[in-house]
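> Need coordinates for the following:
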Amino acid sequence: MLQLLFFFVFIMAESLLALLIETRFVRQFQKKIFSAVLNRKLKPDSSGAILLPKMLRFASRDGQAYITKQDTLTMVFFPSWSGKGSNIRGTLICSRALTPEDLLTERPCYEPPQAIEINYPHLLSFYGPYGIGLNVVFIEKKLSGNSYSVFNDLS
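Sure thing, here's the model as predicted:
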């Protein structure tokens with residue numbers, strides 16, 4: 001019985017954290033982090049990940065932001081939820097509005113919704129380990145400016 005209660009409390013805490021990360025308050029800090037990335041005050045490691053400063057780690061579920069650069073486009077992904085394998089949800093902030101040329105349209109399953117490839121942690125194989133690399137996310141909705149709510153759900 002105690003284990004069931006602990007599991008329920010853990011699930012509720014996870015849900016509350018995901019909800020907090022997706023609030024306007026947190027998005028303001030994500031935009032400040034994005035500006036710091038563009039101004040090169042925050043620099044990614046070789047995989048494209050940035051470990052956020054302690055005071056800003058709440059802006060992402062795992063305390064990191066993931067950078068993807070494509071020609072004139074810089075994208076920063078802040079995960080708010082992660083599930084099994086590559087299942088993920090979060091906020092994507094771009095240096096400019098996404099155009100049809102930026103989006104993936106090769107496969108019919110990508111339209112609609114629109115899809116784009118970004119760096120984020122995912123399972124490299126069914127047997128592990130996790131790594132950071134390009135993976136597809138779907139654009140759920142445009143938030144404000146050049147910010148988007150994105151997800152990948154393989155279930």
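
> Quickly find the element holding residue 98.
Under the assignment given by DSSP states H and E, residue 98 is not contained in any helix or strand.

> if I pick it, what's in contact with it?
Taking CB atoms under 8 Å, 6 or more residues apart in numbering as the contact definition, residue 98 lies against 73, 114, 116, 139, 146, 148. All C-beta atoms are positioned from the backbone trio N, CA, C, and that covers glycine.

> Out of the residues you listed, the closest to residue 66 would be?
residue 116 (12.9 Å; CB to CB).

> contacting residues around the closest one?
75, 92, 98, 102-104, 136-137, 139, 150.

> taking the mean pLDDT, what do you get for stretch 24-40?
The pLDDT scores in stretch 24-40 average 91.

> Check which residues of that stretch are buried.
By neighbour count with 16 or more other CB atoms under 10 Å, stretch 24-40 contains the buried residues 26-27, 29-31, 33-34, 36-37.

> What of stretch 55-64?
Along stretch 55-64, these residues count as buried under the neighbour rule (16+ other CB under 10 Å): 56, 59-62, 64.

> can I get these in CSV with pLDDT?
As requested, those are arranged in CSV below (pLDDT from 0 to 100):
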residue, pLDDT
56, 92
59, 91
60, 91
61, 88
62, 89
64, 93
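
> okay, those in TSV with distance to residue 50 next?
TSV is the format used below for those (distance: CB to CB, whole Å):
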residue	distance to residue 50
56	10
59	11
60	9
61	14
62	11
64	6
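
> Next, residue 150: secondary structure please.
Reducing the assignment at residue 150 to three states with DSSP: H, G, I helix; E, B strand; the rest coil gives strand.

> what pairs with it across the strands?
residue 90, residue 139 (DSSP bridges).

> List the contacts of it.
With contacts taken as CB under 8 Å, 6+ apart, residue 150 has the following neighbours: 77, 89-92, 116, 118, 137-140.

> Out of the contacts of residue 116, list just those in strands.
In strands, defined here by DSSP state E, the members of the contacts of residue 116 are 75, 92, 136-137, 139, 150.

> which residues in this protein form strands?
Chain-ordered strands for the chain, with DSSP E as the definition, fall at 49-51, 64-70, 73-82, 88-94, 115-123, 130-142, 147-152.

> Check which helices and strands the first one sits against.
If contacts are counted by 3 or more CB pairs under 8 Å, 6 or more residues apart in numbering; DSSP states H and E, strand 49-51 sits against strand 64-70.
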